[in-house]
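**Student:** quick one, structure for this:
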Amino acid sequence: MNVFINQFFGIGDIIFCMTIARRFIAQGYNVTWGTLPHFLDGLRRAYPDITWVDYRKFKIDYDKKGEHDAIVRGEPYRVVPLRWNVEILGVPYSQCMASKYDLFGWHYKDWKEQAHFERGEKENELAELLGIDFSKPYTLTNRFFGSNSQFCCQMGSEGIEMQSIEGYSLFDWATIIENAECIHTANTSILYLLELLDLKAKEVHLYCRKPQEKDFRNTEYLHTKNYILHY
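**Tutor:** Predicted coordinates:
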């Protein structure tokens, strides 16, 4: 039995929905997930129990709303339209994350249940590449957001700047995130790592993703830590 998850944009959305995928696995399904090609390597290392594919090479109707069946490469798939949850349920976009779980009658607060990811040596390799000494305090800043890091949040520059580095994924920043004394970040996919990791940071500053968003209503109900919000 095969499930294909239609949610190809956003590492944050993928992390948030991992419990959904793993509940399907627990039911006996093989889960295939189509995503952007530059996410593949990191996701395959972080979540090896999922079959990750370049969504452009997996021929289904990505614009079809509603769960449906499809035949791809001779194999039957149950297509789960997580991409279209807001439209299917007719809820405000502020519920864009919670309603992914509502599709199945599950509660969004369970999202961390099986969202854990595999940790590896590349985390320490990245720290060495950036010259980080974990015995010394440092500030971590992330100003970029968007599936291609194409948008930039206006904030001051402090300490170590997160950036796209060939051969490393967002997950490989986990140790650096955990050990930062202070964090400044756009309200983007890193939020889901902040929620999952055991942070040492005394202060975590979240910045609104202007002009795309004017506040934090789309994600604020997911916060379980004491973030300092910058509108």
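
**Student:** so what strands line up beside the worst-scoring helix or strand of the chain on mean pLDDT?
**Tutor:** Counting by mean pLDDT, DSSP states H and E, the weakest-scoring helix or strand in the chain turns out to be strand 151-152, with a mean of 78. Taking DSSP bridges as the criterion, strand 151-152 sits next to strand 144-145 (antiparallel) in its sheet.

**Student:** centre of the chain to the strand it pairs with, how far?
**Tutor:** 13 Å (Cα atoms, centre = their mean, to the nearest Å).

**Student:** likewise for stretch 128-139?
**Tutor:** From the chain centre to the centre of stretch 128-139 is a distance of 24 Å (Cα atoms, centre = their mean).

**Student:** average pLDDT for stretch 176-185, rounded please.
**Tutor:** Mean pLDDT, stretch 176-185: 97.

**Student:** okay, buried residues for it please.
**Tutor:** Buried residues in stretch 176-185, counted by 16 or more other Cβ atoms under 10 Å: 176-180, 182-185. (Each C-beta comes from the backbone N, C-alpha and C, glycine too.)

**Student:** please, which helix or strand holds Pro137?
**Tutor:** Assigned by DSSP states H and E, Pro137 falls within no helix or strand.

**Student:** surely it touches Glu181?
**Tutor:** Yes - if you go by Cβ atoms under 8 Å, Pro137 and Glu181 touch, sitting 4.0 Å apart.

**Student:** check the secondary structure at the nearest residue to Glu195 once chain neighbours are set aside for me.
**Tutor:** Among residues not flanking Glu195 along the chain, Thr224 sits closest, at 6.2 Å (Cβ to Cβ, 6 or more residues apart in numbering). Here Thr224 is recorded as coil under DSSP: H, G, I helix; E, B strand; the rest coil.

**Student:** how close does Thr224 get to Leu196?
**Tutor:** 10 Å (Cβ to Cβ, to the nearest Å).

**Student:** who has more neighbours out of those two?
**Tutor:** Taking Thr224 and Leu196 together and counting by other Cβ atoms under 10 Å, Leu196 has the greater number of neighbours (16 against 9).

**Student:** state whether the more buried one and Trp111 are indeed in contact, as I suppose.
**Tutor:** No - counting by Cβ under 8 Å, Leu196 sits too far from Trp111 to count as a contact (9.7 Å).

**Student:** hmm, back to that, and the pLDDT for the residue nearest to Glu195?
**Tutor:** 97.
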